[in-house]
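Student: starting from these lines, generate the structure:
(one chain, ligands or ions: 1)
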Amino acid sequence: MDRKTFEYLFNKVRGASKEEIMKHAKLSEDEYDSMEGSFEEQIKEIQKDREKAADIGPEFVRLTRYLYGKTSDQQKGVHRPDAIKEIKGESIALPAVDKIEKPKLSLYDAIQNRRSTRQYSDEPLSRDELSFLFWAGFWVKDLKSTERVEFTLRNVPSAGARHPLECYLLINKVQGIEAGLYHYHPVKHELVRLEKDADIANQVYEAAMGQEMVTKSAVTFIVSAIPQRTAWRYVQRAYRYLYLDAGHVGQNISLACEAIGAGACMIGAYQDEAMNEVIGVDGREEFVIYAFSVGKKPADTSV
Ligand SMILES: Cc1cc2nc3c(=O)[nH]c(=O)nc-3n(C[C@H](O)[C@H](O)[C@H](O)COP(=O)(O)O)c2cc1C
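Tutor: Residues are numbered from 1 along each chain as shown. Presented below is the predicted three-dimensional model:
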């Protein structure tokens, strides 16, 4: 969904006037008029869903108590989900994690100094630094794979070691790696190139509702969740854990950034449909759960 359509629908279902909608969605009168006829069904659906959504938070917490849990797919003997998503394409190996220099910054200083960083210098990340960030957040130390169960162990915890998160990477500035969109393979520790579109940074920026740090960043991590990996064991309660797991990754990446003179800003404000489209997922079996922009800190660190 493009930004104009989003703004049109967002404002329309809230009862905004034609003039207000044209202003917010940056629509000409002709564009507005043609949209008026095209989205009637969708608007009805959104209005119905908005009623359901009104108190979904407390209901979600209530209904995902253990008390309500159903027999899991694992208990029913449903075949295990794969722990790793394989995407075919041109791959770029990253420096091995045991070969890169270990940062000297103490854990105390990393925690003490961490702040959200939204402005970055023009300095690119090196491949070693990128490798280090993946090591902190996504890299697989150990993969256990049997017919019955498959799971990974990493530098972040995950409920039941289900590790439901995938990592896509918008590269703007990394030494020796072309700008573009990539998927990270956490076992092979390599990137797979996804998108040749030169406009991809702008698409991520638009999906992140115009947050400039996306285009200014050296890289922006786009983290998705595959709920079935966790729901196979924890059914609907799994949805609580996806977000907790994502938080752990975000914090490890934030602290790892401190250690290499970079800064990160977490991104929760994004338009779901657009961000899912950017990485090519359906929003249900896999959906974007979090993003983080990362770049070297500017000389003036007060910004
Ligand atoms: C879940 C989550 C979502 C966030 N989303 C955004 C965002 O979309 N844009 C942004 O500029 N900052 C975002 N932030 C950063 C917060 O605004 C920031 O952590 C907060 O203001 C505290 O500042 P500090 O991180 O420098 O301590 C997010 C942080 C979290 C934890």
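
Student: which SSE is E7 in?
Tutor: Here E7 sits within helix 3-12, counting by DSSP states H and E.

Student: let's see that helix as PDB, backbone CA atoms only.
Tutor: Extracted in PDB, the C-alpha atoms of helix 3-12 (Å, rounded to 0.1, in the frame of the first residue of the first chain):
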ATOM      1  CA  ARG A   3       1.600   6.300   1.300                       C
ATOM      2  CA  LYS A   4      -1.200   8.200  -0.500                       C
ATOM      3  CA  THR A   5      -3.600   5.200  -0.200                       C
ATOM      4  CA  PHE A   6      -2.600   4.800   3.400                       C
ATOM      5  CA  GLU A   7      -3.300   8.400   4.300                       C
ATOM      6  CA  TYR A   8      -6.500   8.400   2.300                       C
ATOM      7  CA  LEU A   9      -7.800   5.300   4.200                       C
ATOM      8  CA  PHE A  10      -6.400   6.400   7.600                       C
ATOM      9  CA  ASN A  11      -8.200   9.800   7.400                       C
ATOM     10  CA  LYS A  12     -11.300   8.500   5.700                       C
END
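
Student: and that helix, how far out from the chain middle?
Tutor: 23 Å (Cα atoms, centre = their mean, to the nearest Å).

Student: what residues sit buried inside it?
Tutor: Judged by neighbour count (16 or more other Cβ atoms under 10 Å), helix 3-12 contains these buried residues: R3, T5, F6, E7, Y8, L9, F10, N11, K12. In this view, the C-beta of every residue, glycine as well, is placed from N, C-alpha and C.

Student: tell me the pLDDT of the nearest residue to M22 once chain neighbours are set aside.
Tutor: The shortest distance from M22 to any non-neighbouring residue, by Cβ to Cβ, 6 or more residues apart in numbering, is to Y32 (5.3 Å). As predicted, Y32 sits at a pLDDT of 94.

Student: what residues does the helix holding E7 touch?
Tutor: 1, 20-21, 24-27, 31-32, 35, 39, 42-43, 46, 206, 271, 273-274 (Cβ atoms under 8 Å, 6 or more residues apart in numbering).

Student: switch the buried residues of helix 3-12 over to a markdown table; also include pLDDT and distance to G261.
Tutor: Listed next are these as a markdown table, based on pLDDT from 0 to 100; distance: Cβ to Cβ, whole Å:
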| residue | pLDDT | distance to G261 |
| --- | --- | --- |
| R3 | 88 | 34 |
| T5 | 93 | 40 |
| F6 | 93 | 36 |
| E7 | 94 | 38 |
| Y8 | 95 | 43 |
| L9 | 96 | 42 |
| F10 | 95 | 39 |
| N11 | 95 | 42 |
| K12 | 95 | 46 |
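
Student: can I get the buried part of the contacts of helix 3-12 as one ChimeraX selection?
Tutor: Command for ChimeraX, covering only those of the contacts of helix 3-12 found buried under the criterion 16+ other Cβ under 10 Å:
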select :21,25,27,32,35,39,206,271,273,274
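
Student: sort out for me which of the contacts of helix 3-12 are in helices.
Tutor: 20-21, 24-25, 31-32, 35, 42-43, 46, 206, 273-274 (DSSP state H).

Student: turn those into TSV, columns for distance to Q251.
Tutor: Below are the ones in helices among the contacts of helix 3-12 laid out as TSV (distance: Cβ to Cβ, whole Å):
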residue	distance to Q251
E20	39
I21	39
H24	35
A25	36
E31	43
Y32	44
M35	41
Q42	37
I43	39
I46	34
E206	27
E273	27
A274	26
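
Student: pick the one among the residues you listed closest to P164.
Tutor: P164 has its nearest neighbour among those in E273, at 20.6 Å by Cβ to Cβ.
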